[in-house]
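Novice: Here is my input, please return the structure:
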Amino acid sequence: MEKQNYEKKAYETMKEKILNGQLRTGDRVPENTIAKELGISRTPVRRALVMLETEGFLTIESNRGAFVCESKVTVGKFIEMLEMLEVLTIKTMDKIETKGISFDPQHLYRRLSVMEGHLKTENSNGFVEEGWQTVFDFIAYMGNSYADIAVRKMGIDFLTKAPKEIILIPFHNGAYLIEQFLRMNELLRMKNFDKAETIVRELVNYFIIKTFR
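Specialist: From the prediction side, this is the model:
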């Protein structure tokens, strides 16, 4: 096997361990263990570590080794985002119901129409960005500045720090996502809040399962 292939294998192996949570934020990357596991020398492993540092997955400290960064959106972090969005979305629905807040379904329909256009033209970046804006617009109904800031930060982190494999999960399941958003929107228009909340929980569970496949 060529040296370049050794580096690629080491890179892919360590990246997968980070993304699937085997190596967590703050963990020291076991350089020797990785080399033994792959049956290669430490040199290509070190080169792969530098590549991962460049991409923001790791920090390499002199005389201490390489450590997993918290700046990257790993699989575990993405699932935390999904769970937080579930809580905030349901709280927003509760606020709309209990406070009698006027809900405008047409605004979200327009957002979903834009998402549908991006899906048809295979514009993954546009689709994902519009999806986050759709979520942000809905959470704004809660009228809570802390929730607004939290969702805005999650969106920025996802779009700027998540690896491509994670960013593309919503896009690859775009037709289903739009379908569920439309169902939720219609249920809210009809003031059927219980069923709308069920849609949210099912949607989050669906994406958690898809993340591990």
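
Novice: where does Ala66 fall, helix, sheet strand or coil?
Specialist: Recorded secondary structure, Ala66: strand (DSSP: H, G, I helix; E, B strand; the rest coil).

Novice: What's the local residue count around the residue lying closest to it once chain neighbours are set aside?
Specialist: Of all residues not flanking Ala66 in the chain, Val29 sits nearest, at 4.3 Å (C-beta to C-beta, 6 or more residues apart in numbering). (Glycine included, C-beta is placed from N, CA and C.) Residues lying near Val29 (other C-beta atoms under 10 Å) number 21.

Novice: go on, Ala35?
Specialist: So Ala35, with other C-beta under 10 Å, has 18 neighbours.

Novice: so what's it up against?
Specialist: Ala10, Ser41, Arg42, Val45 (C-beta atoms under 8 Å, 6 or more residues apart in numbering).

Novice: Work out for me the element the spatially most central residue of the chain sits within.
Specialist: Of all residues in the chain, the one closest to the mean position by C-alpha atoms, centre = their mean is Phe78, 3.9 Å from it. Assigned by DSSP states H and E, Phe78 belongs to helix 75-99.

Novice: who touches the helix or strand following that helix?
Specialist: Sequence order places helix 105-120 as the next helix or strand after helix 75-99, per DSSP H and E. Defining contact as C-beta under 8 Å, 6+ apart, one finds that helix 105-120 is touched by 123-124, 126-127, 130-131, 133-134, 137-138, 171, 174-175, 177-178, 181-182, 185-186, 188-189.

Novice: Could you do stretch 23-34 as well?
Specialist: Contacts for stretch 23-34 (C-beta under 8 Å, 6+ apart): 10, 13-14, 17, 42, 45-46, 49, 58, 64-70, 74, 76.
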